[in-house]
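K.L.:
Sequence and predicted structure are below.
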Amino acid sequence: AALAIVRAKRAWADVGAADQEGRERSFSLLSMAWGLASDSDIEADDLRFLGPVRFTVQGVWNMMRKRVYKGRLRLHLAPSSPENAHPAPATNRASGPDAGGDEEAGGWLTLEGGFVMMWAMNVSHMASELKAAPRADVGEGCFDLLVVRAPAGRVRLVKLFLDMETGSHLSSPIAEYYKVKELVWEPDCRTGLLAIDGELMAAGPDTRLPACHRGRAMHFDYAPVHLQVLPQHLSILVP
């Protein structure tokens, strides 16, 4: 970090702006997560005595539990988005007046049903050995979205996360991968956790929270949140 400051080499990074009606805007530099990713991150807070391994322990436990959350995602696809990995079945995707366009034209796409995980990322690595968004570029004007929907078997879920070490998980039949300029997250359930940059932002009213989060006020209600990418909004110093 000190060397980067001395050299003063500047680069530009995208920022995600998260909005909900009646609530103060929040910003994301890293990610917005719901389902397996946010559950494993936030619920691991009760296991801090284990150190970094707590995320692995909680993640494996959550894969075995295999919780599914009902909801809808409305995606504004980036025009330059490469072909999506394993796009949604036709019965579970929509494009039209409500969605605002079609996928090929870089318009809106709607995904709905049961979700195991939604993970929108601005960077390629969520940890040193977790290359969750291998096609991500911090300054390309979009977030990379990884979606896993039900049904998704436990063995495939475990393999998905093991393959994230190299970024080869996009070949998994349960992985859907999109580049988006904005998205609208709309939960249709009473449980679940929404996290932005690893911080708990909203929780379903029937969600059992980790002890360290009980009684705290949430930044957002467990209701639709609009995430919009602000291209190259932040100036950073790089080596």
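P.N.:
Structure's in. What do you need?
K.L.:
Contacts only, for Val184.
P.N.:
Counting by Cβ atoms under 8 Å, 6 or more residues apart in numbering, Val184 touches Leu73, Arg74, Pro224, Val225, His226, Leu227. To be clear about C-beta, it is placed using only N, CA and C from the backbone, and glycine gets the same treatment.
K.L.:
which residues of this protein score low on pLDDT?
P.N.:
By pLDDT under 70, the weakly predicted segments of the chain are 1, 3-5, 80-106.
K.L.:
Centre-most residue in it?
P.N.:
Closest residue to the average C-alpha location of the chain: Trp119 at 1.8 Å, with Cα atoms, centre = their mean.
K.L.:
That one pairs with what?
P.N.:
Ala33, Leu146 (DSSP bridges).
K.L.:
about what we covered before: mind picking the one among the contacts of Val184 that's closest to Gly153?
P.N.:
Leu73 (21.8 Å; Cβ to Cβ).
K.L.:
Kindly point out the strands partnered with the strand or helix carrying that closest one and how each is oriented relative to it.
P.N.:
Per DSSP states H and E, Leu73 falls inside strand 69-77. Strand pairing for strand 69-77, determined by DSSP bridges: strand 108-121 (antiparallel), strand 175-187 (antiparallel).
K.L.:
Can you point out the buried residues in that strand?
P.N.:
Along strand 69-77, these residues count as buried under the neighbour rule (16 or more other Cβ atoms under 10 Å): Tyr69, Lys70, Gly71, Arg72, Leu73, Arg74, Leu75, His76, Leu77.
K.L.:
so which of those residues would you say is closest to Ser235?
P.N.:
Among the buried residues of strand 69-77, His76 lies closest to Ser235 (Cβ to Cβ), at 25.0 Å.
K.L.:
and the nearest residue to the closest one once chain neighbours are set aside, what does it touch?
P.N.:
Once flanking residues are discounted, His76 sits nearest to Glu182: 4.3 Å by Cβ to Cβ, 6 or more residues apart in numbering. Residues near Glu182 by Cβ under 8 Å, 6+ apart: Leu75, His76, His226, Leu227, Gln228, Val229.
K.L.:
Need the contact partners of the host helix or strand of Asn62.
P.N.:
Taking DSSP H and E as the definition, Asn62 sits inside helix 54-65. Helix 54-65 has contacts (Cβ under 8 Å, 6+ apart) with 36, 39-41, 43-44, 47-48, 50, 127, 154, 157-158, 161.
K.L.:
so which pair among the residues you listed is furthest apart in space?
P.N.:
Between any two of these (Cβ to Cβ), the greatest distance is 26.1 Å, for Arg48 and Arg154.
K.L.:
what about the helices in this protein?
P.N.:
With DSSP state H as the criterion, the chain has helices at 2-7, 36-43, 54-65, 154-163.
K.L.:
for the second one, packing partners?
P.N.:
I take that to be helix 36-43. Under the contact definition 3 or more Cβ pairs under 8 Å, 6 or more residues apart in numbering; DSSP states H and E, helix 36-43 sits against helix 54-65, strand 108-121, strand 193-196.
K.L.:
which one of the ones you listed is the most hemmed in?
P.N.:
Stretch with highest mean neighbour count among these: strand 193-196 (a mean of 25; mean count of other Cβ atoms under 10 Å).
K.L.:
Quick check: neighbours of that one in the sheet, parallel or antiparallel?
P.N.:
The strands beside strand 193-196 in its sheet (DSSP bridges) come out as strand 31-35 (antiparallel), strand 199-203 (antiparallel).
K.L.:
Go ahead and produce PDB holding the CA coordinates of that strand.
P.N.:
Extracted C-alpha coordinates of strand 193-196, given in PDB (Å, rounded to 0.1, in the frame of the first residue of the first chain):
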ATOM      1  CA  LEU A 193     -30.000 -12.400   4.800                       C
ATOM      2  CA  LEU A 194     -28.900  -9.600   2.400                       C
ATOM      3  CA  ALA A 195     -25.300  -8.600   2.700                       C
ATOM      4  CA  ILE A 196     -23.300  -5.800   1.000                       C
END
